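1. Generate coordinates for the sequence data below:
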Amino acid sequence: MYWAEEIPAPPVKAADQVSKDSGRRTYHGSHELIASNYMEVLDVLSFAGKADVYHWPEEDDNVQSKLFWRQTYNRKNQELSVSCMRQISNAFANI
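-> Numbers count the residues shown, from 1 in each chain. Next up is the predicted model:
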């Protein structure tokens, strides 16, 4: 799981991309994480503890105040999975 700022920017800048340096999009929420097929070796001493992260089906209208994920990032082709909210509107930005 990664914060949106931690995923790399796409090869071609997306219209809803927040900055040229990261993969964050305008609709990503402040509690949102991105699941990925990429694994990194990290020092165990860098962990502060366990976090509960919930999958949020976008059809659910309940605003999330816990850590959640709804999209995946494929490291091989450098693409985010399609978000239903992105297709409808930016109304749910920064949930």
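
2. residue boundaries of the helices in this structure?
-> Using DSSP state H, the helices found in the chain span residues 84-88.

3. Counting by contacts, list what the longest strand belonging to it packs against.
-> Scanning the chain for the strand with the most residues, using DSSP state E, yields strand 68-74. Applying 3 or more C-beta pairs under 8 Å, 6 or more residues apart in numbering; DSSP states H and E, one finds that strand 68-74 makes contact with strand 32-36, strand 54-55, strand 79-80. For the C-beta atoms, the positions are set from N, CA and C on the backbone; glycine is no exception.

4. right, so of the ones you listed, which gets closest to Ala9?
-> Across these, Ala9 has its closest neighbour in strand 79-80 (11.1 Å, C-beta to C-beta).

5. contacting residues around that closest one?
-> The list of residues contacting strand 79-80 from outside it, by C-beta atoms under 8 Å, 6 or more residues apart in numbering, reads 7, 10, 23, 25, 34, 71-74.

6. Lowest-confidence entry in those?
-> By pLDDT, Pro10 ranks lowest within those, coming in at 87.

7. Excluding residues flanking it in the chain, which one is nearest it?
-> Here the nearest residue to Pro10 in space, its sequence neighbours aside, is Gln78; by C-beta to C-beta, 6 or more residues apart in numbering that works out to 6.0 Å.

8. my read: the one you found touches Pro8, true?
-> Yes. Under the contact definition of C-beta atoms under 8 Å, Gln78 touches Pro8, with a separation of 6.5 Å.

9. The spatially most central residue of the chain: what's it in contact with?
-> Among the residues of the chain, Ile34 comes closest to the average C-alpha position under C-alpha atoms, centre = their mean, at 3.3 Å. Ile34 makes contact with 1-4, 6-7, 23, 69, 71-73, 80 under the criterion C-beta under 8 Å, 6+ apart.
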